[in-house]
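> Generate a structure from the sequence data that follows.
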Amino acid sequence: MRRFIPFWPKPAFVPVIRLGGTIGTGSRSLNDEGLAPLIERAFKGKPVAVALQVNSPGGSAVQSSLIAARIRRLADEKGIPVHAFVEDVAASGGYWLACAADDIWVDASSLVGSIGVIFASFGFPDFMARQGVERRVVTAGKSKSIADPFLPQKPEDVQRLKALQAPIHQAFIDHVRHSRGQRLNAEADLFNADIWVGAQAVELGLADGVAHLVPKLKALYGDKVKLIPHGRKRSLFQRLGLSLADETLGVLEDRALWARYGL
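Numbering: from 1, shown residues only. Model prediction:
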């Protein structure tokens, strides 16, 4: 009934945004289009802070950047502090999301880092040759068939891909440096895509300490602070355990990303 009484002080509350899963454009993935309403809602109503629960092995650099930029823009516009809490992993794009916060807290066994860019595919030229299959490609533009998995890998394709990766990697580095600032260990090589565990990440300045969400937020904002979860709603198909044919590859890609960290 208190909320209906004019001028009655409202209890402090912290919206908790769940950022769990791989990052990409698919319906299963974290992306700016799907998260935008949730993030915008979390910053409404004068919360004392916003918390991010991060558990992601990464994915799309663009979607990572868009999501993080939205969180940071709203935090700066409204003057609301943001705290990130890492669960199993905040690697690659997952760490990009964590760096949208003012501070980052990890579990002692969390995996953090992987500040790099990867392009991965498969090659089938030998298999096709054994099966007597001929690949026929006609393009307008010499780079149109770059990294064709049915043709032998070309040195010029590798050089072109590396040239594409370099500015993306630099954007990631700039984001981390802007977020973490002087907290980063200036003597360590932090941007070679290595990962670190818990306290190691804290020592390197990639995180601020070992802490869990509920006790840390109570320590910061009092035992009576109200934590309000904000998570994505699953579709009927997902709730029933069903999936469409075009999501099968998405599931495999998700598993491959998580498997890199033993999860």
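> just the helices in this protein please.
32-42, 61-78, 93-98, 125-130, 155-180, 198-203, 213-221, 236-239, 248-259 (DSSP state H).
> Any chance of those helices in a markdown table with distance to V50 and mean neighbour count as columns?
The C-beta positions use only the backbone N, C-alpha and C, and glycine is treated the same way. Below are the helices of the chain laid out as a markdown table (distance: least, C-beta to C-beta, whole Å; neighbours: other C-beta atoms under 10 Å):
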| stretch | distance to V50 | mean neighbour count |
| --- | --- | --- |
| helix 32-42 | 5 | 16 |
| helix 61-78 | 7 | 18 |
| helix 93-98 | 13 | 29 |
| helix 125-130 | 50 | 12 |
| helix 155-180 | 15 | 14 |
| helix 198-203 | 22 | 18 |
| helix 213-221 | 11 | 16 |
| helix 236-239 | 26 | 10 |
| helix 248-259 | 26 | 14 |
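> Tell me which of those sits nearest to D107.
helix 198-203 (6.3 Å; C-beta to C-beta).
> contacts for the closest one?
V106, D107, A108, S109, S110, V112, G113, N185, A207, D208, G209, V210 (C-beta atoms under 8 Å, 6 or more residues apart in numbering).
> rerun that using 7 Å as the cut-off
V106, D107, A108, S109, S110, V112, G113, A207, D208, G209, V210 (C-beta atoms under 7 Å, 6 or more residues apart in numbering).
> any idea how far it is from the chain center?
From the chain centre to the centre of helix 198-203 is a distance of 19 Å (C-alpha atoms, centre = their mean, to the nearest Å).
> do the same with stretch 158-177
17 Å.
> confidence score at V89?
Per-residue pLDDT puts V89 at 97.
> Now do the same for the nearest residue to it once chain neighbours are set aside: its pLDDT.
Of all residues not flanking V89 in the chain, L111 sits nearest, at 4.3 Å (C-beta to C-beta, 6 or more residues apart in numbering). We have a pLDDT of 97 for L111.
> Enumerate every residue touching L111.
Contacts of L111 (C-beta under 7 Å, 6+ apart): D88, V89, A91, I195, V197, Y261.
> So which of those residues are in strands?
Mapping these onto strands (DSSP state E) picks out D88, V89, A91, I195, V197.
> of the residues you listed, buried ones?
Among these, those scoring as buried are D88, V89, A91, I195 (criterion: 16 or more other C-beta atoms under 10 Å).
> so the last one touches G113, yeah?
Yes. A contact is recorded between I195 and G113 when judged using C-beta atoms under 7 Å, the distance being 4.3 Å.
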